[in-house]
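all I have is the shape, not the residue letters:
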């Protein structure tokens, strides 16, 4: 079946630094990838939709200059959290289509 | 996409059938009902989907009422590994639309 690989699975970074999260579709071409954020005991919240070769579309309230999304190939999308702060600590999850919505295993970001 | 309503939480004894309800009274004719689950600290996992007929796969069964205003996900023999948050989502264009998650049902399987 379709597999989406997300790395790293967890990361701890210092406040003010940037962190990059990778999302790869291993056995299919993902024309569209979605990025979600999930705070403890809350549901997944869609942050942005990225289409290969074009700029990402961000949901209302998500800062596009803080959460940089690059979808340069049909198998790779990256999310960079720039100038991370403790309030950015969360569980970040990617999802890829067009083979349905296959989700990565998530990245737990802790900013200290 | 139609709004869905689910109970916040449910318990089920291990080995018994877990029946998770979902209300989607405003669902339109071209919207499918999809079920996903999220085990703690993992990405969501697809379970099953249907339009109007009942569906069954190796994971679960989906029963959709004739008027399509509600559905029930059935896990026939729940195990401890089925403890998760279950999401019911109405969607018309799978793969191209944004998948929006509600609050889901937190299912706890009791030993």
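Thanks, I have it. Small disclaimer: the values here were computed from a predicted structure and weren't measured.

count of neighbours near residue A:22?
Per other Cβ atoms under 10 Å in any protein chain shown, the neighbour tally for residue A:22 reads 17. Bear in mind the C-beta positions are built from the backbone N, C-alpha and C, glycine included.

does the residue of chain B found nearest chain A lie in a helix or a strand, and which?
Among all residues of chain B, residue B:43 sits closest to chain A, at 3.4 Å; criterion: Cβ to the nearest Cβ. Using DSSP states H and E, no element contains residue B:43; it sits outside every helix and strand.

what's the closest non-adjacent residue to it?
Excluding the flanking residues, the one nearest residue B:43 by Cβ to Cβ, 6 or more residues apart in numbering or on different chains is residue A:103, at 3.4 Å.

also residue A:13?
residue A:19 (5.0 Å).

likewise residue B:88?
residue B:22 is the one closest to residue B:88 (Cβ to Cβ, 6+ apart), at 3.4 Å.

and the strands in chain A?
With strands called from DSSP state E, chain A shows them at A:4-7, A:10-13, A:19-25, A:32-38, A:45-51, A:57-58, A:67-73, A:76-81, A:90-97, A:102-103, A:107-111.

out of those, which comes closest to residue B:17?
Smallest distance to residue B:17 across the strands of chain A (Cβ to Cβ): 26.2 Å, for strand A:102-103.

so which residues make contact with the closest one?
A:1-4, A:25, A:93-96, B:43-46 (Cβ atoms under 8 Å, 6 or more residues apart in numbering or on different chains).

let me see the contact set for the closest residue to residue A:68 other than its chain neighbours.
In this structure, residue A:68 finds its nearest non-sequential neighbour in residue A:80, 4.2 Å apart by Cβ to Cβ, 6+ apart. Going by Cβ under 8 Å, 6+ apart, residue A:80 touches A:18, A:19, A:20, A:21, A:67, A:68, A:69, A:70.

any idea of the pLDDT on the fifth one?
The model reports residue A:67 with a pLDDT of 97.

pretty sure it contacts residue A:58?
Yes - if you go by Cβ atoms under 8 Å, residue A:67 and residue A:58 touch, sitting 7.5 Å apart.

okay, now the residue nearest to residue B:88: neighbour count?
Count around residue B:22 with other Cβ under 10 Å applied: 24.

now name the helix or strand holding it.
strand B:18-23.

can you name the next helix or strand after that strand?
Toward the C-terminus from strand B:18-23 - assigned by DSSP H and E - lies strand B:32-38.
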